[in-house]
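S.K.: attaching a predicted model along with its sequence, questions to come.
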Amino acid sequence: MKNDDFVRQFLEGNTELLNNIYKNSFKYVSHYITSRDGSIKDAEDIFHNALLLIYVKLKEDSINIQSFDNYLFTVCKNLWKRENTKYRVTKTNIIPLVNEELDKAAFYLEHSQWELYKEKFELLSKQCKDILNMVFEKKPYTEIVSKYSYASQTVARQRVFKCKSRLAKLIKEDLRFSKLKLDK
Amino acid sequence: MNLDDNISKRIRAYLDNEMSSIERLNFEKELSNNQELMDTVSILKKMDTVYSDTDWDLYSGNLSDLKETSNLFKGEDITAFSNQVKTAESNYYQPDRKKFKSFIKYASSIAAAVLILFSGYYFLNKAPTSLDLYNDYYNLKDLPSFTTKSNTENSLSKAENLFKTKHYKEALEMFIAIESKNKNTYNPNLNLYIAICYLELNHYDLALKKLDVLLQSNTLDFHKAYWFKSLTYLKEGNKSQAREVLQLLVKDEKHFNYKNAKELLKKLN
């Protein structure tokens, strides 16, 4: 990745390139956040922090980006989801991160783990992916039974668990897994 | 670890809350002594958060690991990059000024020669640019006012004042907040102000999207959207789209700014 001209210029903080990134992507991020109870100031902070995260990841050579704009939008969306979760969560075992660098580090680990989970999901068979998507979209089991002609809901539940176990195995076998545990 | 049927059943019962309190306690004891099983259960638990795409799993591990990772976000290069990003952000809000500056720089170097050679021809045949037309026809008086004698201090009039004093970002935030608080009541004037804030901030796509909402609305003022859409296209430099929208506007004499639209169309043709 580091040989890529775009990445090289990005890591150098090339003004023209960063201006173009703002011009092409900020309006979408701003729209996404302001239409979900956020302010433009929130959108600016999210956009800034997303670029910083990508900078660190590219410097570490730990990502392979297919489309920069899509990746940036995904990071922004996740950062905004995180902000909302932070305000909602009352779990006592969460460290209150007042230090900005620690907070960025936490997101770095969280996002890397999120990417690992997403990446492994893609390795499942098409049928497993389809069934699990229905489960995660909270579709009723009756719908899964009828779509895949299972004998009963019990059979469907067993099938779902098998797919989930296969996915868990793929995640656990990856070397990144133990480094990225968020609740060590 | 491949899960045998027995352990699979127990994990499912545990995750689905189908264990008695004693069974649960025993299973949790087993988990604390079996790291591999613990990992599997914790991954399975996490799946809903990750794949449902609605929530986010926050870090709840130890601080020393985090401190080590935070070193990645320290250093001169990070500060320098962060400053570059901030510069790009402020450049984003001043594209016209930048364009204007570079135009002046370029123009001043060749102005004398151009003036000598082409001044006569230029002044006789000059066609207005789309930005010229936008500046000529964009008039703040075309926008409604929320201020009345009795409620000069309400939030709509405050947002309008921010708009009038050219604090477009702040005005936009306030208008959007008012809109989301009143989701059940559609206010065409509020919709229009949000669109014009976007226009002022050069978010043309968003301005057009918001104007389309007005156009599709069942309100008396829906046709104002034609006029402001044409201005948005002009500011964006898209004369042909501006012309197309104006042609829709002049189909009805009762439409907003009918006369101006006719005049503008002539200049565009």
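M.R.: Great, that's in hand. Fair warning: this is a prediction, and the values are worked out from it, not measured in the lab.
S.K.: looking at chain A, which residue ends up farthest from its center?
M.R.: Of all residues in chain A, A:Ala151 sits farthest from the chain's C-alpha centroid, using C-alpha atoms, centre = their mean; the distance is 35.5 Å.
S.K.: find me the pLDDT at the closest residue to B:Tyr92 other than its chain neighbours, would you?
M.R.: Of all residues not flanking B:Tyr92 in the chain, A:Tyr22 sits nearest, at 4.0 Å (C-beta to C-beta, 6 or more residues apart in numbering or on different chains). Quick note: C-beta positions are derived from backbone N, CA and C, even for glycine. The per-residue pLDDT reported for A:Tyr22 equals 95.
S.K.: find the centremost residue of chain A, please.
M.R.: With distances taken as C-alpha atoms, centre = their mean, A:Trp114 lies nearest the centre of chain A, 4.7 Å away.
S.K.: quick check: phi and psi on the nearest residue to it once chain neighbours are set aside?
M.R.: Ranked by C-beta to C-beta, 6+ apart and with sequence neighbours excluded, the top spatial neighbour of A:Trp114 is B:Val50, at 6.0 Å. According to degrees, to the nearest 10, the main-chain angles of B:Val50 amount to phi -70, psi -50.
S.K.: kindly report the same for B:Tyr186.
M.R.: Main-chain dihedrals, B:Tyr186, degrees, to the nearest 10: phi -80, psi 130.
S.K.: residue contacts, the closest residue to it other than its chain neighbours?
M.R.: For B:Tyr186, ignoring the flanking residues on the chain, the nearest one in space by C-beta to C-beta, 6+ apart is B:Ser217 at 6.2 Å. B:Ser217 sits next to B:186, B:188, B:191 when contact means C-beta atoms under 8 Å, 6 or more residues apart in numbering or on different chains.
S.K.: by pLDDT, give me the weakest of those residues.
M.R.: Looking across those, the weakest pLDDT belongs to B:Tyr186, with 87.
S.K.: returning to what we had before: and the residue nearest to B:Tyr92, which of the three is it?
M.R.: Using DSSP: H, G, I helix; E, B strand; the rest coil, the secondary structure recorded for A:Tyr22 is helix.
S.K.: number of nearby residues for it?
M.R.: A:Tyr22: 22 surrounding residues under other C-beta atoms under 10 Å in any protein chain shown.
S.K.: got the contact list for it?
M.R.: Taking C-beta under 8 Å, 6+ apart as the contact definition, A:Tyr22 lies against A:47, B:88-89, B:91-92.
S.K.: could you redo the residues you listed as a markdown table and give each row distance to B:Asn34 and secondary structure?
M.R.: A markdown table is the format used below for these (distance: C-beta to C-beta, whole Å; DSSP: H, G, I helix; E, B strand; the rest coil):
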| residue | distance to B:Asn34 | secondary structure |
| --- | --- | --- |
| A:Phe47 | 44 | helix |
| B:Ala88 | 51 | helix |
| B:Glu89 | 50 | helix |
| B:Asn91 | 56 | helix |
| B:Tyr92 | 53 | helix |
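S.K.: mind putting those into TSV with pLDDT and neighbour count?
M.R.: Supplementary listing: these in TSV, determined by pLDDT from 0 to 100; neighbours: other C-beta atoms under 10 Å in any protein chain shown:
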residue	pLDDT	neighbour count
A:Phe47	97	25
B:Ala88	93	24
B:Glu89	93	17
B:Asn91	90	17
B:Tyr92	89	20
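S.K.: quick one: low-confidence parts of the chain?
M.R.: Picked chain A for this. In the predicted model of chain A, residues A:1-3, A:89-98, A:182-184 satisfy pLDDT under 70.
S.K.: my bad, chain B
M.R.: Judged against pLDDT under 70, the low-scoring parts of chain B cover residues B:1-3, B:95-126, B:148-153.
S.K.: mind splitting it into its structural domains?
M.R.: Split into domains by automatic domain parsing, chain B comes to B:5-58, B:59-126, B:136-268.
S.K.: distance check, B:Ala127 against chain A.
M.R.: In this structure, B:Ala127 lies at 27 Å from chain A, with C-beta to the nearest C-beta, to the nearest Å as the measure.
S.K.: quick one: neighbours of A:Phe161, just the number.
M.R.: As a burial measure, the neighbour count of A:Phe161 was computed by other C-beta under 10 Å and equals 18.
S.K.: secondary structure class for B:Leu231?
M.R.: Bear in mind the rule, three-state DSSP; under it B:Leu231 is helix.
S.K.: verify the stated contact: it with B:Asp136.
M.R.: No - in this structure, B:Leu231 is not within contact of B:Asp136 by C-beta atoms under 8 Å, at 10.3 Å.
S.K.: among the contacts of B:Ser217, who's most crowded?
M.R.: Of all these, the highest neighbour tally under other C-beta under 10 Å goes to B:Asn191, namely 22 neighbours.
S.K.: quick one: which helix or strand includes that one?
M.R.: Assigned by DSSP states H and E, B:Asn191 falls within helix B:188-200.
S.K.: farthest-apart pair in the contacts of A:Tyr22, please.
M.R.: Largest separation among the contacts of A:Tyr22 by C-beta to C-beta: A:Phe47 and B:Asn91, giving 13.4 Å.
S.K.: next, count neighbours for the spatially closest residue to B:Leu268 that is not a sequence neighbour.
M.R.: Nearest in space to B:Leu268, with sequence neighbours left out and distances taken as C-beta to C-beta, 6+ apart, is B:Arg243 at 4.9 Å. Counted with other C-beta under 10 Å, residues neighbouring B:Arg243 total 16.
S.K.: looks like B:Arg243 contacts B:Lys267 (just checking).
M.R.: No - between B:Arg243 and B:Lys267 there is no contact, the gap being 10.1 Å when judged by C-beta under 8 Å.
S.K.: rewinding a little: need the winner for burial among the domains of chain B.
M.R.: Taking mean count of other C-beta atoms under 10 Å in any protein chain shown as the contact definition, the stretch among the domains of chain B with the greatest mean neighbour count is domain B:136-268, which reaches a mean of 17.
S.K.: for B:Glu253, helix, strand, or coil?
M.R.: For B:Glu253, the secondary structure call by three-state DSSP comes out as coil.
S.K.: sorry, back to before: distance from the helix holding B:Asn191 to the middle of the chain?
M.R.: A distance of 12 Å separates the C-alpha centroid of helix B:188-200 from that of its chain, computed with C-alpha atoms, centre = their mean, to the nearest Å.
S.K.: report the contact partners of the nearest residue to B:Tyr93 once chain neighbours are set aside.
M.R.: Across the structure, with C-beta to C-beta, 6+ apart as the measure, the residue nearest B:Tyr93 apart from its sequence neighbours is B:Leu201 (7.2 Å). For B:Leu201, the set of contacting residues under the criterion of C-beta under 8 Å, 6+ apart consists of B:93, B:168-169, B:172.
S.K.: perfect, that will be all.
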